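> one predicted model, sequence on top.
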Amino acid sequence: MLSAAAQRRLTIFTFLVVPVTAMLVLGIWPVMQLFYISLLEFNGINWARAEFVGLQNYFDLFDWDIELLYPIKNSLYYMAGSAVQIVLATWFAVILNQKLPGSRLFRTILFIPFVLNTVAVALVFRNLLSVNGALNDMMMMFFGPDSAFKWLDASEDYTNFSLAAASVWRYLGFNLVITFGALQSISQDQYDAARIEGANGWQQFWRITFPSIRLVIVLQVLLSLVGSLEVFEIPLLITGGAGQTSTFAIEMVQTGFQLRRAGTAAAMAFLMLLIVVTLVVFFRLMTRTGSQILKGAD
């Protein structure tokens, strides 16, 4: 007969076996294997011909393979789009939270792009922004035949704004639902008391709404930053990742599967992982520091 303490330890161990095993098999082990491959000169197929080169793949990325890192700058376009996306999602969520007529229908319409298949979204924007697309047809209708614009010219940097706009349209509904759910948890008594005290709409937002959803917005910013660094489907499906529209993820896949440089691709992937982990730790520290400052102010 086991003692109470032994039974408690056995229960804890039993409940932890599955999640810990899943974490080791699906999380830690793949990362360790990724780092190991990044230390090899490897074509991704024949392990017998893999050659250990240490950190040479990382040195190559910052030396003669520096062009592989250039697409990281394209993440700035998507980060800017993410900022617009979060602002719009917060704005729409605050408006829809006021229970205006038709708010449920409008919320559904905004959420539909997120549940659409990414291929469908890419096809919509490729047809919309092509030279003979609907957007240029509307511009020529109002501004004349010379107003057509090459929105998807892969040789120009501005094309990334078009792709970022597609990403904003795709994920706006996701951020809207998260923010709207956070707003639903705020007690209406706070707003009633603020109105009695004479607070206007902006004052209610900055003194009640924003502090209440601050952590949710921080989470959205973190997810948006990580997503901006890992953009893959939208540019690949709309422009094929050609020219100035290539992203770090596209370069990583092409390096590993087309150029057969699995070691270099693994180094790129591990570098991206380090950047993401750094961002997560940074935002956790910022969130903790901000919470302590707010508690001190109270």
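Received it, and whenever you're ready, just let me know what you need. These numbers come from a predicted model, not from an experiment.
> list the buried ones in the strand or helix carrying L176?
In this structure, L176 sits in helix 159-184 according to DSSP states H and E. Of the residues in helix 159-184, those scored as buried under the neighbour-count criterion (16 or more other C-beta atoms under 10 Å) are 159-160, 162-180, 182-183. Placement of C-beta: from N, CA and C, glycine included.
> and the helices in the stretch 1-150 of the chain?
Along the stretch 1-150 of the chain, counting by DSSP state H, counting those that start in this stretch, helices occupy 4-23, 29-38, 56-61, 75-96, 103-115, 118-129, 134-143.
> check the offset of stretch 114-126 from the chain's centre.
When distances are taken as C-alpha atoms, centre = their mean, to the nearest Å, stretch 114-126 is centred 17 Å away from the chain's centroid.
> give me the average confidence score over that stretch.
For stretch 114-126, mean pLDDT is 86.
> can we start the residue count at 563 from this point?
That works, and once the first residue is 563, the last one we named lands at stretch 676-688.
> ok, N689 touching A696?
Yes: applying C-beta atoms under 8 Å as the test, N689 and A696 come out as touching, 7.0 Å apart.
> how far away is A655 from A744?
Distance from A655 to A744, counting by C-beta to C-beta, to the nearest Å: 8 Å.
> ok, now G803?
Computed as C-beta to C-beta, the G803 to A744 distance reads 35 Å.
> how about V646?
As judged by C-beta to C-beta, V646 and A744 stand 19 Å apart.
> for Q618, list the residues it contacts.
Contacts for Q618 (C-beta atoms under 8 Å, 6 or more residues apart in numbering) come out as E603.
> one more time with 6 Å
By C-beta atoms under 6 Å, 6 or more residues apart in numbering, the contact set of Q618 is empty.
> separation between it and V815?
Per C-beta to C-beta, Q618 is found 21 Å from V815.
> to R850, which of the helices of the stretch 563-712 of the chain lies closest?
Smallest distance to R850 across the helices of the stretch 563-712 of the chain (C-beta to C-beta): 21.0 Å, for helix 637-658.
> just the buried residues of the closest one, please?
Using 16+ other C-beta under 10 Å, the residues of helix 637-658 that count as buried are 637, 639-641, 643-644, 647-648, 651-652, 654-656, 658.
> what about the protein, any weak spots by pLDDT?
Within the chain, the stretches falling below the threshold (pLDDT under 70) are 563-564, 626-628, 852-860.
> spatially central residue for it, please.
Against the mean C-alpha coordinate of the chain, by C-alpha atoms, centre = their mean, the closest residue is G789 at 2.0 Å.
> contacts only, for that one.
Contacts here follow C-beta under 6 Å, 6+ apart; on that basis G789 touches nothing.
> same question, the one 4 residues further on
When the contact criterion is C-beta under 6 Å, 6+ apart, the partners of V793 are 640, 809.
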